[in-house]
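Chemist: sequence unknown, structure follows:
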């Protein structure tokens, strides 16, 4: 191996170690009760591993060497299990919400701690999306924020009437509508953390602020398998579904 190629590989490895991610894990997990009365949502098992462990494994494989975990409810259990992250091949740091800060508010606890673009992921999302490629597309696209999005279908379980005045013109039986929804996976530039904000904020509010400020916000359509395991109905089938995905 030439010294030049060796230096190139060393630089690539260093860049991978410098990739930073934030996993949002501070919620109450109220949609998962009664399970979360005793176990915080990040520690709920999918198969043989906690949800958060699966996510950390994915992040490591995709070159994210530094991960911040935002904690709140039963934070000490999460910290006790994951420690400094060395057991999982990543370096972990934690923030602690003393009040519920929503799906975006806890990010602002990281002001001054992140000086480069970073990935954000909810702790109840499982997907086969290549997180490394997703992050690379954000860097190449020049946006302030990239929103991972998936298609969500809604079926009206009734016949929908088509009317003009009081006259029925037709009926559509159980129509379906398809919507593009935020999938709980984002990439952001570090200047997002410099917004003047404290307290609770949800992602939709953050998006509105960035758009109003003229910032470039783009969408990345997730075509790979995706699951929201923060709902009891989906959590119960997640283990079987994950087994079909193979290695994640």
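Modeler: That came through, no problem. Fair warning: this is a prediction, and the values are worked out from it, not measured in the lab.

Chemist: Burial check on residue 211, number of neighbours?
Modeler: The tally of other residues near residue 211 (other Cβ atoms under 10 Å) stands at 13. Bear in mind the C-beta positions are built from the backbone N, C-alpha and C, glycine included.

Chemist: And for residue 124?
Modeler: Residue 124 has 26 nearby residues by other Cβ under 10 Å.

Chemist: From residue 39, how far out is it?
Modeler: Going from residue 124 to residue 39 by Cβ to Cβ, to the nearest Å gives 13 Å.

Chemist: longest single strand anywhere in this protein?
Modeler: strand 176-188 (DSSP state E).

Chemist: contacts for stretch 107-119?
Modeler: 18-22, 59, 64, 68, 70, 93, 95, 97, 101, 120, 131, 134-135, 138-139, 185-190, 192-195, 197-198, 201 (Cβ atoms under 8 Å, 6 or more residues apart in numbering).

Chemist: For that stretch, the averaged confidence score.
Modeler: Stretch 107-119 comes out with an average pLDDT of 92.

Chemist: next one: stretch 51-59
Modeler: Taken as a whole, stretch 51-59 carries a mean pLDDT of 93.

Chemist: who's in contact with it?
Modeler: 21, 23, 25, 41-46, 49, 67, 69, 78, 82, 85, 88, 90, 119, 121, 123-126, 131, 229, 242, 248.

Chemist: can you give me the strands in this structure?
Modeler: Along the chain, the segments classed as strands by DSSP E run 20-25, 45-46, 49-50, 66-71, 91-96, 118-122, 125-127, 145-155, 159-164, 167-173, 176-188, 217-221, 226-228.

Chemist: Any chance of the ones you listed in TSV with mean neighbour count and distance to residue 206 as columns?
Modeler: Below are those laid out as TSV (neighbours: other Cβ atoms under 10 Å; distance: least, Cβ to Cβ, whole Å):
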stretch	mean neighbour count	distance to residue 206
strand 20-25	26	12
strand 45-46	17	28
strand 49-50	18	27
strand 66-71	24	14
strand 91-96	16	17
strand 118-122	24	10
strand 125-127	22	17
strand 145-155	17	8
strand 159-164	10	34
strand 167-173	10	36
strand 176-188	17	9
strand 217-221	15	10
strand 226-228	19	19
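
Chemist: lowest-confidence stretch among those strands?
Modeler: Mean pLDDT values for those show the minimum at strand 45-46, a mean of 84.

Chemist: Could you name the helices and strands sitting against that one?
Modeler: If contacts are counted by 3 or more Cβ pairs under 8 Å, 6 or more residues apart in numbering; DSSP states H and E, strand 45-46 sits against helix 232-245.

Chemist: repeat that with 10 Å
Modeler: Judged by 3 or more Cβ pairs under 10 Å, 6 or more residues apart in numbering; DSSP states H and E, strand 45-46 is in contact with helix 51-61, helix 232-245.

Chemist: circling back to that earlier point, distance to residue 208 added to the strands of the chain, as TSV?
Modeler: Shown next, in TSV, are the strands of the chain (distance: least, Cβ to Cβ, whole Å):
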stretch	distance to residue 208
strand 20-25	19
strand 45-46	33
strand 49-50	33
strand 66-71	21
strand 91-96	24
strand 118-122	17
strand 125-127	22
strand 145-155	12
strand 159-164	30
strand 167-173	33
strand 176-188	13
strand 217-221	10
strand 226-228	22
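
Chemist: Understood, closing this out.
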